[in-house]
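Enquirer: Pasting a predicted model and its sequence here:
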Amino acid sequence: MDPILYGLIVTLFGMGIVFLVLVGLWGVLAMMRPIFGGNKKQKAQVIERNLKPVAEEITATHALTEEMEADEIIAVITAAIHACMGSQRNLLIRNITRVGDNTPVWGQIGRHEQTLNRL
């Protein structure tokens, strides 16, 4: 048998096996979706029910200044963490420290340029 023909047969056979395995994996994932995926519409409805409507629009009357009390900043950060993590009542924040920016100058300039390009 010609080596080129033999190589083509092996290539097509290998590609066929890979294609069949991918189709098999797709089938397994399609069968697992109803079992483990749940109903996304139902989850979305539950989330919408848990949201409370805002009675009035919150407007910023004063700009944030550096004189804002530390207790207020800690309260805002704590509320943001609680909002992101859900309603976990056993979360206790003991200390909040400001972390310095350790980004090199070239990284800061690159980030600044990317921000300006997107505006």
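Expert: Yep, it's here. Keep in mind that what you see is a predicted model, and the values were worked out from it rather than measured. Numbering: from 1, shown residues only.
Enquirer: Domain map for this protein?
Expert: According to the TED database, the chain comprises the domains 1-37, 69-118.
Enquirer: Relative to the whole chain's centre, how far out is the shortest one?
Expert: A distance of 32 Å separates the centroid of the chain from that of domain 1-37, by C-alpha atoms, centre = their mean, to the nearest Å.
Enquirer: before we move on, what about the last one?
Expert: With C-alpha atoms, centre = their mean as the basis, the distance from the averaged C-alpha position of domain 69-118 to the chain average is 16 Å.
Enquirer: Mean pLDDT and mean neighbour count for the domains of the chain - can I get that in CSV?
Expert: No exception for glycine: its C-beta is placed from N, CA and C like everyone else's. Shown next, in CSV, are those (pLDDT from 0 to 100; neighbours: other C-beta atoms under 10 Å):
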stretch, mean pLDDT, mean neighbour count
domain 1-37, 93, 9
domain 69-118, 81, 9
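Enquirer: May I have stretch 82-97 as PDB, with CA atoms only?
Expert: Extracted as PDB, the C-alpha positions of stretch 82-97 are listed here (Å, rounded to 0.1, in the frame of the first residue of the first chain):
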ATOM      1  CA  HIS A  82     -22.700  41.300  52.700                       C
ATOM      2  CA  ALA A  83     -24.600  42.200  49.500                       C
ATOM      3  CA  CYS A  84     -22.100  40.300  47.300                       C
ATOM      4  CA  MET A  85     -22.000  37.200  49.500                       C
ATOM      5  CA  GLY A  86     -25.700  37.000  50.200                       C
ATOM      6  CA  SER A  87     -27.400  37.100  53.600                       C
ATOM      7  CA  GLN A  88     -24.800  35.400  55.700                       C
ATOM      8  CA  ARG A  89     -25.300  36.600  59.200                       C
ATOM      9  CA  ASN A  90     -22.100  34.900  60.600                       C
ATOM     10  CA  LEU A  91     -19.800  37.200  58.700                       C
ATOM     11  CA  LEU A  92     -17.700  39.400  60.900                       C
ATOM     12  CA  ILE A  93     -15.200  42.000  59.500                       C
ATOM     13  CA  ARG A  94     -12.500  42.700  62.100                       C
ATOM     14  CA  ASN A  95     -10.100  44.900  60.100                       C
ATOM     15  CA  ILE A  96     -10.000  46.800  56.900                       C
ATOM     16  CA  THR A  97      -6.700  48.100  55.700                       C
END
